[in-house]
Each structure stands twice: as structure tokens, then as C-alpha cells.
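1. just need the structure, nothing else, for what follows:
(one chain, ligands or ions: 1)
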Amino acid sequence: MGIFHKLATSLVKTLPPEAAHKTALRALALGLGPKYACDHDILKTELAGLSLPNPIGLAAGFDKDAQVPDAMLAAGFGFVEAGSVTPLPQAGNPKPRLFRLTQDKAVINRMGFNNKGLDVFAKNLRARQGSPGIVGANLGANKNSTDRAADYLTGLAALWGLADYFTINVSSPNTPGLRDLQGGDALEDLLGRISEARQNLTGDQASPPIFLKVAPDLDFAQIERITEQARTYGISGIIISNTTTARPEHLKSDHKTETGGLSGAPLMRPSTRILAEFYAASGGHIPLIGVGGIANGGDAYIKIRAGASAVQLYSALVYAGPGLAAEICDDLAARLQADGFAHVSQAVGSLTSGQT
Ligand SMILES: Cc1cc2nc3c(=O)[nH]c(=O)nc-3n(C[C@H](O)[C@H](O)[C@H](O)COP(=O)(O)O)c2cc1C
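-> Modelled structure (predicted):
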């Protein structure tokens, strides 16, 4: 990372977290972000039919309204997931709702799907149509919606043809009841309706991939059931994981008792364990995207060896700035080469169980 971006990242960190985020978005929109083409043949990845220059993605929540996807692609990310977007604009929870746990290299948030809604999101995607780079839309449901499943269908219909892939986010802890959609019958109903909507929208064209994003707070029986249902209804991949409602005992920071979802370093182990369990449950038959606590190339490599075909990150950017994508990308390529892999796809799931 250049000295300018290191300095800018340090300055932004002196602001309260939400103001810092807003400032970073503004700077990125003005073209002041880092620029780096992470170009290693060993990292070029096919993910559910998407061609990625590298498997390091930006996780949802950083760019909720799809304001800066191209700036993040230019910084070195191999793909960007914008959102979560809900059908109607939503203010989210009262502030403060975003907390740095600096000593723990972690974040707690209870944003509550603050976003400008589908109209603005669609407008932003329309403005970049034809630009290179994979940009996905992470769909959420409005807090006051009486039929939450219908909100995902509304999102699909509004953004069909504008997003390169979709993510059905049923795992944010900050919309009461949303995670219930991960449960047996509710998930069955939701995935059935999504599969039907997808067929209607697709016609005789190829469908963009549709991923399902899950929580890390799941047991193996739930993991097996979700995997089976995802396969039955043609889900293209599973993103593991969202933030956790758990609070590991080793947390040190003052804000550790705040309500919300915990992300960053303390999520690395639990989310990777769940990822490995999804890999075991799916037998490698459905692509997995590993998210949670990635802060360096070594972390990304662990997720890939645990079964992830691609990875995403967000919280580490709060501490290191957007230049981190390029560092992780180069480091991952070097690690794969050092271990004798000809291509990243060969490393997927290469970690034996027990090593996560
Ligand atoms: C402030 C904040 C907002 C987030 N908002 C969303 C969101 O809107 N939708 C979503 O699917 N995940 C959201 N996430 C979760 C991240 O996408 C990611 O799954 C999680 O933070 C774990 O990755 P990390 O440890 O690299 O941050 C958010 C995370 C943070 C820190």
C-alpha cells in the first residue's frame, strides 16, 4: 500500500466508526482509492460460472447501496458483493450501532439493514452496466415486511440483468426473526419460491448464480439440512458466514458486550469450522464461499483449504484500509506456489479435518 493510502487509513481510523466508513466511501467515489491489478494466473477462478480474476471478494455490508463497486474492483478485489439491499429504503437501528473492538481486531454491528432501497441500488448498477468486473447483489428483507420471502423475490426481479449474481441473505442477526428463515420449513418455502421465480425470470437465457448466505451459529444437523435443501432447489453456492451472535470469552475490548453481530479476527476460527462442516456435508458438490475473520493471505489460504472456492472479507478493512485486498491477493498466490499448487482450485478442501 502506498504512503498516501496508509496515511489516509490512519486518519480515517481516528473518526467514530460510522463516520469513518462514510468518509472512506466518499473518497472511494472520488477515485481516491488504491489501484492495483492483482494478476496471477494461479488465482484465476471459476465460481458457479463466474470468471474471477482472483478469489478475494468484498463481503456485503461495506457498499450497501452499490456506490463504489468499481473502486473496490480497482483496489484489487476479484469480485464485489454490494448490499444488503431491501425493497424499501430503511434507516436501520438508532446510532451508535457500529463498534470497533480494536484490541480484538474485531467489529460489532447492529446496523439493521440501513440502505437506500432497490430503486437507488438499481440506478447505481445501471450506471455501471457494461463495465468489467463481477458485482453481486446481496438481498435482504425489510424489517416491517409481512412476507419476508416475498422481499427476496422483489429484489431478484428488480435487479435481474443488472447484477452478476445474487445472494439471499437469511443470516443477519440485526433484523429480528430473519435468521428463522434458515430453519427447515421456512427455508424450504423460501428456496422453492426463489427457484420458481428464477425459472420465470430466466426464460431460455442462462441464469446468474444465486447464493445463500448463512450464519456461523449452526449445528451439524442444520448444516446437513441446509446443504440438502440448497442442492434440491438449485442454489449455486453457499456463503459461510455472516456475523456471529456468540461472544468468545477471550474478547478484551470495552465494546464486547454491545448487542449485534461480531465479525473480524474472533470469527475466523468458528466460521472456518462451520465452512469445513459444510464442505463435509456437501462432499464438494456445491461451491462454498468462505467469509469471517480474514485479515491476511494466510487466513484466506486456510479458508480455501477448508473448502472455500472463493473468500470474502470486510472487518479487516476497518483496520487496514482497502489496499489490503491487493496484499492478500499477492500473498495467497505466493503461498500456493510455495506449496506446489499449479492452481488455486487444487487447494480447495485440501486441509484434512481437525486442522481448522
Ligand atoms: C458493519 C457491517 C455491516 C454488515 N452488513 C451486512 C449486510 O448488509 N449483509 C450481509 O450479508 N452481511 C453483512 N455484514 C457481514 C459481512 O458481510 C461478513 O459476512 C462478516 O462481517 C464476516 O466477515 P469479516 O469478519 O471479514 O467482516 C456486515 C458486516 C459488518 C462489519
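2. next, name the residue at the spatial heart of the protein.
-> Centroid check for the chain by Cα atoms, centre = their mean gives residue 59 as the closest residue, at 2.9 Å.
3. so that residue touches residue 312, yeah?
-> Yes. Applying Cβ atoms under 8 Å, one finds residue 59 in contact with residue 312, separated by 3.8 Å. Using the backbone N, CA and C atoms, a C-beta is placed for each residue, glycine as well.
4. now do the buried residues in stretch 100-109.
-> Neighbour counts over stretch 100-109 (16 or more other Cβ atoms under 10 Å) mark 100-101, 104-109 as buried.
5. which stretches of the stretch 101-250 of the chain form helices?
-> Using DSSP state H, counting those that start in this stretch, the helices of the stretch 101-250 of the chain run over 117-127, 148-159, 184-202, 220-232.
6. and among those helices, the most buried is which?
-> Comparing the helices of the stretch 101-250 of the chain by mean neighbour count (mean count of other Cβ atoms under 10 Å), helix 148-159 ranks first with a mean of 20.
7. relative orientation of that one and helix 184-202 in degrees?
-> Relative orientation of helix 148-159 and helix 184-202, computed by axes from the mean of the first three to the mean of the last three Cα atoms, to 10 degrees: 20 degrees.
8. up against the ligand, what does the stretch 51-200 of the chain have?
-> The stretch 51-200 of the chain comes close to the ligand at residues 59-61, 64, 83-84, 98, 107, 109, 111, 138, 169, 172, as judged by Cβ under 6 Å from any ligand atom.
9. residue 104 and residue 289: what is the separation?
-> Distance, residue 104 to residue 289, by Cβ to Cβ, to the nearest Å: 24 Å.
10. next one: residue 331
-> Distance, residue 331 to residue 289, by Cβ to Cβ: 19 Å.
11. more neighbours: which of the two?
-> More crowded of residue 331 and residue 289, by other Cβ atoms under 10 Å: residue 289, with 26 against 16.
12. that one belongs to a strand?
-> Yes. The assignment for residue 289 (DSSP: H, G, I helix; E, B strand; the rest coil) places it in a strand.
13. so what sits opposite it in the bridge?
-> Beta-bridge partners recorded for residue 289 (DSSP bridges): residue 239, residue 310.
14. hmm, back to that, anything in contact with each of residue 59 and residue 312?
-> By Cβ atoms under 8 Å, 6 or more residues apart in numbering, residue 59 and residue 312 have these common neighbours: 81, 291.
15. OK, contacts around the closest residue to residue 82 other than its chain neighbours?
-> Spatially, and ignoring its direct neighbours in sequence, residue 82 is nearest to residue 66 (3.8 Å; Cβ to Cβ, 6 or more residues apart in numbering). When contacts are counted by Cβ under 8 Å, 6+ apart, residue 66 touches 82-83, 85, 121, 124-125, 135, 137.
16. quick one: mean pLDDT for stretch 63-75?
-> Regarding stretch 63-75, the rounded mean pLDDT is 97.
17. kindly apply the preceding question to stretch 29-36 instead.
-> Across stretch 29-36, the average pLDDT comes to 92.
18. next one: stretch 342-356
-> 81.
19. repeat for stretch 236-256
-> 97.
20. what residues sit buried inside it?
-> Quick answer for stretch 236-256 (16+ other Cβ under 10 Å): 236-244, 251, 253, 255-256.
21. out of the residues you listed, which touch the ligand?
-> Residues of the buried residues of stretch 236-256 in contact with the ligand (Cβ under 6 Å from any ligand atom): 242-243.
22. mind picking the two most distant members of the buried residues of stretch 236-256?
-> Using Cβ to Cβ, the pair of the buried residues of stretch 236-256 lying farthest apart is 236 and 253, separated by 37.0 Å.
23. which residues of the stretch 201-350 of the chain lie near the ligand?
-> Counting by Cβ under 6 Å from any ligand atom, the positions of the stretch 201-350 of the chain adjacent to the ligand are 213, 242-243, 263-264, 267, 291-294, 313-316.
24. might one say that residue 244 is in contact with residue 264?
-> No. Residue 244 is beyond contact range of residue 264, at 10.4 Å (criterion: Cβ under 8 Å).
25. got the contact list for the closest residue to the ligand within the chain?
-> Residue of the chain nearest the ligand, by Cβ to the nearest ligand atom: residue 61 (2.2 Å). Neighbouring residues of residue 61 by Cβ under 8 Å, 6+ apart: 83-84, 109, 111, 314.
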